[in-house]
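Asks: The following comprises the amino acid sequence and a computationally predicted model.
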Amino acid sequence: MSLYQLSHDELLTTGALTLENAAQPPIQEAMTQMGYDETALQEGQSLHDAYAASVQARQAEYGEQQSATDALNDAWDAFHSQTYMPHVKITRLLVDDGTQARLGITGDRPDAFPAYVQEARRFYDTIADDEALQTTLAERGITAESVTEAQSALEQLESLDQTQEREKAEAQQATRDRNDARRAFTDWLSNYHQFARIALADQPELLEQLGIAVDSG
């Protein structure tokens, strides 16, 4: 299998094996003749280390993105089920169709987050600006204080969404960085293996020590 087809773990393991055994005198001597001196091996080690670090960084960034997504979804679900929908249901029982349309609570609630927040904010802002409506709703538990709390909850939801989007962008960049680091190291390792096959053609046991498959036939 080509080095370019290996998983990240397989490629890192193969690379570590190659770099570790490349320092063995018989291999080092033969490969120095091919231009792979100590400086060249240090370059390979640096590329391997950068690749390994990028794999870990990408994993960490995606973990942070998942945590941000979970935090947003949990807060959104709680707001929807414990605050917004109870308020919508109560309001529908107390106001006429025209007021419901003005509050934006006819039909189903949007699935997309931006549209959902916009609609919910319209609902609470409209109540906050209408004293008569406030009085009607307060009699059934939707007080001015609960409206203010709902508006604050919406601001928190938007903040969580912004955090999620930031984490998503950072995770995507981490993926690009990992892919670049992988490509750089794989190119170096592939070239090293190609020259090793020439330099150590009559010593298959040394090729195997470098993680290079030898055709037994």
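Replies: Arrived safely, thanks for sending.

Asks: going forward, measure contacts between C-alpha atoms and count neighbours the same way
Replies: OK.

Asks: After the longest helix seen in the chain, which helix or strand is next? Please name it.
Replies: If you go by DSSP state H, the chain has its longest helix at helix 144-199. Once the chain leaves helix 144-199, the next helix or strand it forms, by DSSP states H and E, is helix 204-209.

Asks: model confidence over that next one, on average?
Replies: For helix 204-209, mean pLDDT is 94.

Asks: Tell me where the model's unsure across the protein.
Replies: For the chain, the stretches flagged by pLDDT under 70 are 216-217.

Asks: Closest to the centroid, which residue in it?
Replies: By CA atoms, centre = their mean, the chain has its centre lying nearest to residue 62, at 3.0 Å.

Asks: Give me the neighbour count for the residue lying closest to it once chain neighbours are set aside.
Replies: In this structure, residue 62 finds its nearest non-sequential neighbour in residue 171, 5.4 Å apart by CA to CA, 6 or more residues apart in numbering. Residue 171 has 22 neighbouring residues, counting by other CA atoms under 10 Å.

Asks: Also residue 82?
Replies: Counted with other CA under 10 Å, residues neighbouring residue 82 total 11.

Asks: tell me what the longest helix of the chain is packed against?
Replies: Under the contact criterion of 3 or more CA pairs under 8 Å, 6 or more residues apart in numbering; DSSP states H and E, helix 144-199 touches helix 25-32, helix 38-79, helix 113-128.

Asks: Would you mind listing the buried residues in the shortest one?
Replies: Just to be clear, that refers to helix 25-32. Neighbour counts over helix 25-32 (16 or more other CA atoms under 10 Å) mark 27, 28, 30, 31 as buried.

Asks: my guess is the residue nearest to the centre of the chain meets residue 173, correct?
Replies: No: counting by CA atoms under 8 Å, residue 62 stays clear of residue 173, with 10.5 Å between them.

Asks: coming back round to it: tell me the contacts of the residue nearest to the centre of the chain?
Replies: Going by CA atoms under 8 Å, 6 or more residues apart in numbering, residue 62 touches 167, 168, 171.

Asks: switch the cut-off to 10 Å
Replies: If you count contacts by CA atoms under 10 Å, 6 or more residues apart in numbering, residue 62 has them with 68, 167, 168, 169, 170, 171, 172, 174, 175.
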